[in-house]
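J.: What follows is a predicted protein model with its sequence.
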Amino acid sequence: MSSTEQGTSSAAPAEPTTAPESAAAPEVPESFYYVHGKDKVVHKVSAGALQHSALIHGMISNLGYTEEQAKANPFPFENIDGDILQMVVDWCNQHKGKPTPPEDTNLPKQKEKLFDLVLAVNYLEIKELLTYCCKQVAMMVKGKSPEEIREIWMIPTDAEDEAAEKEAKKRAGKEAAGETAAAAGDAK
Amino acid sequence: MHILQYKLVLHQFLIYESMLIQKTPIFKSYLQFCEILKDQSIDYREFEFWYYRFIVRGNSNFDEGVRLKNSESYEFFIKKSIFSSQELQKLQFSELPVQIVDRVLDKLGIRTHLLLRKVCKSLRQIVDQKPSLIKSINLMIEDYGSTMVIESYSNLEPEQWVQYANNTVEEGAKRALLDMKYLMNRPKLKMESLKISVKFSCHTVDEKRGETQRRLGYYRAIGVPRCILRSLAHFSILDAQFVISEVLSTVPNSPTINVEQLEIYTKHQDEILCILSYLTPGILEEIDIRSVKINKIRLGVSKILKLDQWKMAKSLKSDRFICNFSAANLANFERLKIHLPELPLEKLRDLRDVFQASPSFRYCQLDSSKKIDIENIDRFLGIDIPQDPPTPDYRYYPLEHSDERVFEISLMEKSIRIKTTRKTSLLR
């Protein structure tokens, strides 16, 4: 029984193939999204440029965030400074749809900005830019002595660190004691 | 769903949530999130934690739980983030998340890692957890200072030279040894070769000043396991060697250093013993014992041939005159190239018997300092396979375990080469 069924199914004519997709696909106008940082300055970024950021790209593709919604509510990145976000947006626009070069020389040289940039890029999950930034941070200390590294990265020595920790604990202890005293006072 | 993916979606969802539907009750928001995740939902309490942290507290950084310093608890961080947002502080390196520091370290070579270890405790912890990419280490302790040449598997800085030039030889050697011990204790260590040489020129070598003990001190220092590394930080090699040897005897030998080839320039077998017993037996394939001086002297091997590392090695090379061993002690080796003070025919016969019985044996070169009594060789080795035409310098003997291969011994005045070869080489 089953064999006849199989026979008929195999004999049936193959379904007509759908029209070739490449020819049918029309030119989609580029969509734009909006982001703002701590300073609330809104930046307009194309979807192509935003593809670099796994976080935003995921929000668009996974959660179906549309262009209309985007206009009304720009992506809020309260933890990113305005100038840093500007840098990130510029980089994304520059590298839109392009293969990323092995070296990027436009990154900031001042360490505070660089660290902020690293954090922002890590948060937005822009993999290529993160690689450049990490390399830049690494190059700051290449060929330097431990003392120089400590100075460049502003890392306290172990002794300073311990002293600071002790002080913090002491302060915390005092605060706790103060609180309990206040609570006892209230109870009375 | 993979845990990371779920975190990513949660992250995106919470940003989305904070943007659009800010007045959504938390439980409704949770139900919506579960709908997105479909088959696998997350615990409500966990969702609640992130929701409050993200939306109510406004702390939108997901990675803040893991930082270089103070990674105690989330509550601590919530507190800290409230304080730090009030004070305008410049961001510092030590505030970067651990995974970024990790990425930065990936961009730096071993040489810089060694320096970073000396910067602070937290960096030392991160550096120590990085898996080893070391291909080989060549440590040289000499009169003018110590040098370590490190080869790496990564193409970022494939070979690095680290010089330890200090006021005293001991000081430089101590720093080199400490660095080396750290490198040997990195996780996932698998090195191709390890070379150690302690060489002092003639004018500094003085037996009265305890040169032998001093050399041994260096070798012992390499072998000391990591658990007592801290106590080593203040040691002086000359004074503390007795302490070290005492510690060695109390700590059980744990051979955990994975090295395929060991090359060691040595004067005494105790020096080899210090190193060899820490290398993983089975992984160690080649032992290469070199002479420190040009004039060759005898080297007793009675202690080291009892070690598993010796018994499981496949290749042995030595330009020292090896003595105090029996033919059976060499049965495990596939390749041998050794020097002997003398080679009596009885010993040659024993060696031949051992090699003939060994299925893995390939090649052996024995160099003797004295002439070998080739004329009487037939009396000891027995009748060989006849050749056509006969050659005086070669003898062929049948192999126990193979019909296709034969055993070839080539005879020279002071050197004998033994190998297995195809039967066809008999016919010229």
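T.: That came through, no problem. As the structure is a computational prediction, the values presented were derived from the model and not from experiment.

J.: what residue ranges in the chain score low on pLDDT?
T.: Unless you meant another one, I'm taking chain A. A:1-30, A:64-65, A:99-111, A:179-188 (pLDDT under 70).

J.: my bad, the chain I had in mind was chain B
T.: B:1-24, B:37-42, B:52-90, B:201-211, B:221-255, B:294-296, B:427-428.

J.: Tell me how far the residue nearest the centre of chain A lies from A:Leu85.
T.: Centroid check for chain A by CA atoms, centre = their mean gives A:Leu124 as the closest residue, at 1.1 Å. Note on A:Leu124: its distance to A:Leu85, by CB to CB, to the nearest Å, is 9 Å. Where you see a C-beta, it was placed from the backbone N, CA and C, and this is true even at glycine.

J.: Common neighbours of these two, please.
T.: Counting by CB atoms under 8 Å, 6 or more residues apart in numbering or on different chains, the shared contacts of A:Leu124 and A:Leu85 are A:Phe77.

J.: which residue sits closest to A:Asp81, ignoring its sequence neighbours?
T.: A:Lys38 (5.3 Å; CB to CB, 6 or more residues apart in numbering or on different chains).

J.: mind checking which helix or strand B:Tyr30 is in?
T.: For B:Tyr30, the element it lies in under DSSP states H and E is helix B:26-37.

J.: wait, A:Val137
T.: helix A:127-141.

J.: helices or strands up against the helix or strand following that helix?
T.: Heading C-terminal from helix A:127-141, the first helix or strand you meet, by DSSP H and E, is helix A:146-152. Other helices and strands packing on helix A:146-152, by 3 or more CB pairs under 8 Å, 6 or more residues apart in numbering or on different chains; DSSP states H and E, are helix A:127-141, helix B:110-116.

J.: Go through helix A:146-152 and flag the buried ones.
T.: The neighbour-count check on helix A:146-152 (16 or more other CB atoms under 10 Å in any protein chain shown) flags A:Pro146, A:Ile149, A:Arg150 as buried.

J.: Check which element follows that helix along the chain.
T.: helix A:158-187.

J.: Give me the buried positions along that next one.
T.: By 16+ other CB under 10 Å, the buried positions in helix A:158-187 come out as A:Asp161.

J.: next one: stretch A:39-55
T.: Within stretch A:39-55, the residues that qualify as buried are A:His43, A:Val45, A:Ala47, A:Ala49, A:Leu50, A:Gln51, A:His52, A:Ser53, A:Leu55, counting by 16+ other CB under 10 Å.

J.: Output the contacting helices and strands for the strand or helix carrying B:Lys419.
T.: Per DSSP H and E: B:Lys419 is located in strand B:415-422. Judged by 3+ CB pairs under 8 Å, 6+ apart, strand B:415-422 is in contact with helix B:345-357, strand B:363-368, strand B:405-411.

J.: What is the neighbour count of residue 33?
T.: No chain specified, so I'll use chain A. Neighbour count of A:Tyr33, defined by other CB atoms under 10 Å in any protein chain shown: 22.

J.: oops, I was thinking of chain B
T.: Neighbours of B:Phe33 (other CB under 10 Å): 20.

J.: and the gap between B:Arg405 and B:Gly382?
T.: Taking CB to CB, one finds B:Arg405 at 18 Å from B:Gly382.

J.: Could you do A:Leu50 as well?
T.: 85 Å.

J.: tell me the contacts of B:Tyr219?
T.: Counted by CB under 8 Å, 6+ apart, B:Tyr219 has contacts B:Ile196, B:Val198, B:Asp270, B:Glu271, B:Cys274, B:Ile275.

J.: Would you mind checking which of those residues is nearest to B:Leu411?
T.: B:Glu271 (34.5 Å; CB to CB).

J.: for the residue nearest to A:Asp81, helix, strand, or coil?
T.: Following DSSP: H, G, I helix; E, B strand; the rest coil, A:Lys38 is assigned to coil.

J.: all strands of the stretch 151-300 of chain B, in order?
T.: For the stretch 151-300 of chain B, the strands defined by DSSP state E, counting those that start in this stretch cover B:159-164, B:191-198, B:259-266, B:286-291, B:298-300.
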